[in-house]
Each structure stands twice: as C-alpha cells, then as structure tokens.
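Student: Coordinates for the following, if possible.
(2 chains)
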Amino acid sequence: MTVYDIEKVRQEMAPQYLWPAVGLAIVVVLSFQQADFSLMKLINGLPEMANFVSDAFPPDYSRLSEFLLSILQTIEISIAGTFLAIILAVPIGIGASGNFSPHPVIYWTCRTLLNLTRSVSEMIVALIFVTAVGLGPFSGLLALAVHSAGMLGKFYAEAIENVNSGEIEAIKATGATTSQVLRYAVLPQILPEIITVILFRWETNIRSATVLGMVGAGGIGFDLITSIRLFQYQETSAIIILTLLTVAIIDQINSRLRAHII
Amino acid sequence: MIQIKKVSKSYVGEVVLNSISCRIERDTSTVLLGPSGAGKSTLLRCINGMVAIDSGEIVVDNMPLSSNLEKLREFRKSIGMVFQQFNLIKRASVLENVLCGRLSYTPVLPSLFTKFTNIDYELACHYLDKVGLYDKRLQRAGQLSGGQQQRVSIARALAQQPKILLADEPVASLDPKTSISILDLLRNIREEEKISLVLTLHNVDLAMKYSRKIIGLNRGRIIAQYDTSNTSAREIDDVYNTYPEVC
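Tutor: Here you go, the predicted structure:
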C-alpha cells in the first residue's frame, strides 16, 4: 500500500491558488476605493433619501392620461424596434454563420457588425440617432432595432451552426438551392428557440424603452426625467409605479407565451 | 449507367477512396459492401456530388458530373437519396417532408412560402400512398416509428422522380423485420419505376438477396465485384477478411 505524504500534496496544491487570489483581491479593493465607496456617506445620506421618499408620496396621478399615452408609446417603441431587429438580424445572422455564410469576407464583416452593435448600449445608440433623426420615439425605435439586431443576429448565427447536418444534407440532395435548404432544413429546427429568444428580447427592450426618453428618444423616460428636473417628485413616483406595473404585466404575458411555445 | 473512373478522395490526409473505378448498370440494383470506414458512404455521395472528388471522373448517362453548383443542382434533381438516419424534417408534417422532394422543380420564391403546384401535391400523395403512409400525411414526421420514417424518406426521394436512387445504409437503424420490409419496398419500387438503385449495406446475406451486383470495398479500394447469381455468400465474406484488423 502506498503511504501518501498529505502535507506535501497540500503544499503542491496551495501555490496554484495563491497568486490569482492575491491579484483578484487587489483588483477588488482598488475598485471599491476608486469608486469612492464609503459606508459613512451612505448612512449620512439616508435622511436625505427619506426626504425624497416623503416628498414623492402620495403619488400624483393628475396627469395620468398623459403618462399612459407615454407608456403606450414606450410599448410601441419596443414592439416596432424588436420587429425591425428580427428582420435586420436575418441576413446578418446567416452571413455570420460558419456553415451558411457565402464568403469569408462576408462572414467576418457580419461578425464584426454583430460585435459592434452588441457592445454599444441602447442609450448610446439612441444618442447617436437623436442627432441624426431628431428627438422623439423614432430615434428610440432605431436604437433598439440596431442593438437588438446585434443580439438576435448572434443568436441566429449560433442556432444555424448547431442545426442537425443530416437534415441539411437530405434537402441539399434533392437539388434544393441554399435558400430552400435554409427554409426547409434550418428554419423548422431553429424556430422554437428563436421565438423564445425574440420574446426575451422584447422583454428586455420594454425595460430599455422606459429609459430611452432620458436621452430624448421618446416614451415614458422623458416624462420621468422632466418630473425629476422640475422637482415634481410626486409625479416621479407615479411614473415609476406605472412603469413597474407595465413591465410586470408584460413580463407575465411574455412568460405565458413562452411556456405555450416550449 | 454510372461510370466511376479512377476516383480518389482524402479527408485531412486520410485516403478514403483510392483510385476507384467501376460501372453501375442501368435499371439494376447494386450494393456497395464493406466494413465501416471502407469508403462506401463517401463513394455513394460522390455520385450525386454531395462529396467533391479530388481526382478522377464520374459520368452518369454519358454526362460528366460538373463541379458547377448550378449544374450540380440540376443533376441532383434526377438522383434521389435515402439515409441511415432518415434525415426527415422532424417538426414538419409527413406531407411537407415529401413535398421537399419537389423543391428542385419549384421556383425559389414560391417554394419559400410553401407554394407547390397541384402536380407536386399529386405526386407527393401518390408516393405516400405507395409507401403506405397516405393516412399519416398530417402527422409530424418525428412522431413516426423508424420504419415509417424511412418510408417517408423513400417517398420524398421518389417525389423527385429520380432515375437513380442512392440509399446509404437504409436499414442499419432498423430492426430485422422492418429492414426486410424496407428492402422489399425498395426492390418493388425499383422494378415499377425503372430506376437504378445503389445501396450501401454491411450485411452479406441482405446484399445477396437484394442486389444483382455487389461491389466489395475495403480501405478505400475495390476488392472484388460479384454477380450475385453465381457467387456464394462465403466468397463474399472475403470483403471483410481482406484487412481483418480494421473490422
């Protein structure tokens, strides 16, 4: 029977974790310090926060109809933006898939495009579109469409790559064209997944759309930022409550739809 | 007639087909026989251009196989293919699967919106009836049993109205009884529709029973060719024994 030198085994193990742990600790501590973390400041600020909350209650619903219209606009922005993204993502997703991209140049162009659009947040894209098409919901819609097209395109590409190759081979063998192969061998396989992801995307887009107005891109966010700037905190709280309700209701609808599909 | 002339194919340095030459006669049933990894499936896929050959030539009915995609598609129209794993679109209905056999006859744009002609529907129903599954036409293909799925895939291939039918291990995923019924079906269809049938199999007895000619492959080479009317199963076993270590 072998006798194991447990102490030695322990020593062999230890150094592997030491330096990564030290490095991680330094990064975390520095981050807190550089971000001005201070528990005292937070505690001292609590009364201020209480003031804000007491100023904000009771919520002021006197402009309810205006707010509801803005919320409706927010929902419309999210639906139109998601819809546009679904379509924009199709050619880019196919181009960025390893198995169906027509050419390596197109493949890399689409990949880069997808990475670019995904790495920039909706708010920044919205700011850019505000300068192009002006204040209002249209720039918000475009921002959501561009950002979501990046997310969905990436997903389409991966879904297309993971498709069962036997079915592709069978359709190809009938003499079908590439677009027919995509329609008959690929689409049926990826459709359920894709619908789920689209619904998720819509849910995320509703949340994003509620703040797009802060940069002037339409929707309830504009009312929110205006009420804060004018110190109408009772209106602010009304808007926040309405937004929370809307998002919760749409989440519910969404999860029911998803459960139905899966 | 299919003429295969000195065809070679390698995958990342590994030789799969080593200068293969043979002829497959019209309106007959030919079996490519050999152990796993012999190159049967690759050779079969060379015939409809699903695998691009490195060198050599394939001539079908005096027409050399082109590498031009457009011409290749036109060519594949007249060659049906059946697979070991059936390769049906499992989420689509049985009828839609059979209609896929008509894709090469349908202009692309209408086909993307499942717009097939009455003739396409008629052919699809006719062949579904022929394989005995007309009643199942609205079921999802994935819900059928293995034998039924293979019947649907045969109907899909027939809907192309092919001159040649390629079958890659059509019964390797099926139980013995179902295997016999599928092979009987293929034989009847071959006789009725006057098409050339090329199958890969790895069972000597089945190969003897269902083909007129057997081409024995091992390690990417043709080892022997047999006429099944004057050969015994024992002789054919040599196909497996030539390189016993790879079996």
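
Student: Strands along chain B, start to end?
Tutor: B:2-11, B:14-24, B:29-33, B:55-60, B:63-64, B:79-82, B:164-168, B:196-201, B:213-218, B:221-227 (DSSP state E).

Student: Between these, which one is closest to chain A.
Tutor: Distance to chain A, taken as Cβ to the nearest Cβ, is lowest for strand B:79-82 among the strands of chain B, at 4.1 Å. All C-beta spots, glycine's among them, are computed from the backbone N, C-alpha and C.

Student: Distance from the chain centre to that closest one, please.
Tutor: 5 Å (Cα atoms, centre = their mean, to the nearest Å).

Student: Which positions in the stretch 51-200 of chain A make contact with chain B?
Tutor: A:166-167, A:169-177, A:179-180, A:183-185, A:188-189, A:191-192 (Cβ under 8 Å from any Cβ of the partner chain).

Student: Among those, name the buried ones.
Tutor: Listed as buried from those are A:167, A:169-177, A:180, A:183-185, A:188-189; burial here means 16 or more other Cβ atoms under 10 Å in any protein chain shown.

Student: Just these: which are in helices?
Tutor: A:167, A:169, A:170, A:171, A:172, A:173, A:180, A:188, A:189 (DSSP state H).

Student: got a list of what residue A:159 touches?
Tutor: Neighbouring residues of residue A:159 by Cβ atoms under 8 Å, 6 or more residues apart in numbering or on different chains: A:190, A:193, A:194.

Student: Show me what the mean pLDDT comes to for the host helix or strand of the second one.
Tutor: Assessed by DSSP states H and E, residue A:193 sits inside helix A:187-212. Taken as a whole, helix A:187-212 has a mean pLDDT of 90.

Student: helices or strands up against it?
Tutor: helix A:64-95, helix A:122-133, helix A:137-161, helix A:220-229, helix A:233-261 (3 or more Cβ pairs under 8 Å, 6 or more residues apart in numbering or on different chains; DSSP states H and E).

Student: Between those, which one is closest to residue B:54.
Tutor: helix A:137-161 (26.4 Å; Cβ to Cβ).

Student: average model confidence for that closest one?
Tutor: The model assigns helix A:137-161 a mean pLDDT of 93.

Student: show me where pLDDT drops low in chain B?
Tutor: Applying pLDDT under 70 to chain B picks out residues B:242-247.

Student: what sits against the closest residue to chain A within chain B?
Tutor: Minimum separation of chain B from chain A (Cβ to the nearest Cβ) falls at residue B:104, amounting to 3.2 Å. For residue B:104, the contact set (Cβ under 8 Å, 6+ apart) comprises A:174, A:175, A:176, B:73, B:74, B:76, B:77, B:160.

Student: which non-adjacent residue is nearest residue 156?
Tutor: All of this refers to chain A. residue A:93 (2.8 Å; Cβ to Cβ, 6 or more residues apart in numbering or on different chains).

Student: nope, chain B please
Tutor: Nearest non-adjacent residue to residue B:156, counting by Cβ to Cβ, 6+ apart: residue B:101, 4.4 Å away.

Student: got a list of what residue 92 touches?
Tutor: If you meant another chain, say so; for now it's chain A. A:110, A:113, A:114, A:149, A:153, A:156.

Student: could you do chain B instead?
Tutor: A:184, A:188, B:140, B:141.

Student: Would you tell me which one of the residues you listed comes nearest to residue A:106?
Tutor: Closest to residue A:106, out of all of the contacts of residue B:92 and judged by Cβ to Cβ, is residue A:184, at 22.6 Å.

Student: surely the closest one meets residue B:106?
Tutor: No - using Cβ atoms under 8 Å, residue A:184 is not in contact with residue B:106; the gap is 10.9 Å.

Student: Which positions in chain B make contact with chain A?
Tutor: Residues of chain B lying close to chain A by Cβ under 8 Å from any Cβ are B:48, B:50, B:73-77, B:79-81, B:83, B:85, B:87-92, B:100-101, B:103-104, B:108, B:111-112, B:153, B:156-157, B:160.

Student: Those residues in helices, which ones?
Tutor: Using DSSP H, B:73, B:74, B:75, B:76, B:108, B:111, B:112, B:153, B:156, B:157 are the members of the residues of chain B next to chain A that sit in helices.

Student: Out of these, the closest to residue B:23 would be?
Tutor: Among those, residue B:75 lies closest to residue B:23 (Cβ to Cβ), at 18.4 Å.

Student: List the buried residues of the lowest-mean-pLDDT helix or strand in chain A.
Tutor: The least trusted helix or strand in chain A, going by mean pLDDT, DSSP states H and E, turns out to be helix A:6-34, with a mean of 85. When burial is assessed from 16+ other Cβ under 10 Å, helix A:6-34 yields no buried residues.

Student: Please consider this matter closed, and thank you.
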